[in-house]
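**Student:** Sequence plus predicted model, see below.
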Amino acid sequence: MKRIWKRIAVAVSAVVAVVGAFVGSGAAGGTPIQDAAGGALSASSTAIAPDGPAFSIWSVIYVGLLAYAVRQCFRTADDDRHARLAVPVVLSLLLNAAWILSVQFGFLWLSEPIIVALLVVLVWVFAILRRTRPSGVMSAIVTDGTFGLYLGWVCVATAANTAAVLTAAGFRGFGLGQDVWGVLVAAVAGLVGVLLAVWGRGRLAPTAALAWGLAWVAVARLDGPLVSTPTAVAAVVAAAAAVVVTLVVRARVGWVAGRAGRGGRAGRGASGLPERQMS
C-alpha cells in the first residue's frame, strides 16, 4: 500500500472513531455507553467496573488520536515509523467504533471479541513503538503517549467488559463471591501493568492509564450500590505496584544509558575517535 493511501486510511479511520465516540457519549441523541445494553457497563454492574469519571480519559485519547492522524499526513522524520503503524492503527480505530456500535445496539456478547481484538492490535502497535524511536519530543508525546494511554486504558476496559459479559450471561463465579473475583481481576490487571512496564522499558503512558482505571475501580467499590472493600484495596495495590515497577525500570534504563554514554566518551580522545584508533 502506498504511503499516501495509508495516511488517508488513518485520517478517515480517526474521524470514524471520533464520530463513534460522539454517538457513544449520548451527545448525538444515542444512549450513553454506561446506560446501553441494560446498564451492563455501568459503575455498579460488576466488582471491576470503574466509576463514571474514569471514562473522561477517552477525551485525552481522542485528542491524541486526532493529533496523530493530522501529524502523520505530513512528511516528517517519522515517515517510516508511521508507515509501519498504519495498519494496526487503522484496525484499532475501526475496532473502537465497532465496539461502541455493538454496545449501542445491545449486542453485548459481540463486544467481547471486538474489545479483545482491539487489545491485541494495540499490543501490536506497542511492539512497533518499542522497536522504533520517535524523532523528537513532539513525536514521543503525540505517538507514544497517545497509544500508550490507549493501550493502558483498554487493558482495564477489557477486564471490565469481560466481567460485564459474563455477568449478563448468568455466570455466578463458580460459587466464589464478588470480593474474591474482584481481587483476582485487580491482581491480574496489576500484573499486566507490571509486565507492560518491564517490556516497555518503563514507559509512563500505559501505566498512567492503567493506574487511572484501577483507581476509579477502587472509588466505585468504596461507595455506591456495589461496595467491595477488598476489591478497592486490591485495585489500589495493583495500581501502586504498576507505578512503582514502571518508575524503577525507567530509572534503571536511564542509569544504564547514562553509564553507557559516559563509557563511550571516556573511550575517545580529543579527535573523537576511540583511543585504540588514535595511534
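**Tutor:** Received, thanks.
**Student:** CA atoms for contacts and neighbours, from now on please.
**Tutor:** Will do.
**Student:** which residues touch whichever strand or helix holds residue 165?
**Tutor:** Assigned by DSSP states H and E, residue 165 belongs to helix 146-168. Outside of helix 146-168, the residues within contact range by Cα atoms under 8 Å, 6 or more residues apart in numbering are 40-41, 45-46, 48-50, 61, 64-65, 108-109, 111-112, 115-116, 118-119, 122-123, 125-126, 185, 189, 192-193, 203-210, 213-214.
**Student:** Give me the neighbour count for residue 205.
**Tutor:** Neighbour count for residue 205, taken as other Cα atoms under 10 Å: 21.
**Student:** same deal with residue 99?
**Tutor:** By other Cα under 10 Å, neighbour count at residue 99 equals 21.
**Student:** quick check, it in a helix?
**Tutor:** Yes - Residue 99 sits within a helix when classified using DSSP: H, G, I helix; E, B strand; the rest coil.
**Student:** dump the residue contacts of the residue nearest to it when sequence neighbours are not counted.
**Tutor:** In this structure, residue 99 finds its nearest non-sequential neighbour in residue 111, 5.3 Å apart by Cα to Cα, 6 or more residues apart in numbering. In this structure, residue 111 makes contact with 99-100, 102-103, 161, judged by Cα under 8 Å, 6+ apart.
**Student:** try 10 Å this time
**Tutor:** Under the criterion of Cα atoms under 10 Å, 6 or more residues apart in numbering, the neighbours of residue 111 are 95-96, 98-104, 117, 158, 161-162, 165.
**Student:** now do residue 182
**Tutor:** 46-49, 163, 217, 221, 228-232, 234-235.
**Student:** Recalculate using a threshold of 6 Å.
**Tutor:** Applying Cα atoms under 6 Å, 6 or more residues apart in numbering to residue 182 gives the contacts 47-48, 231.
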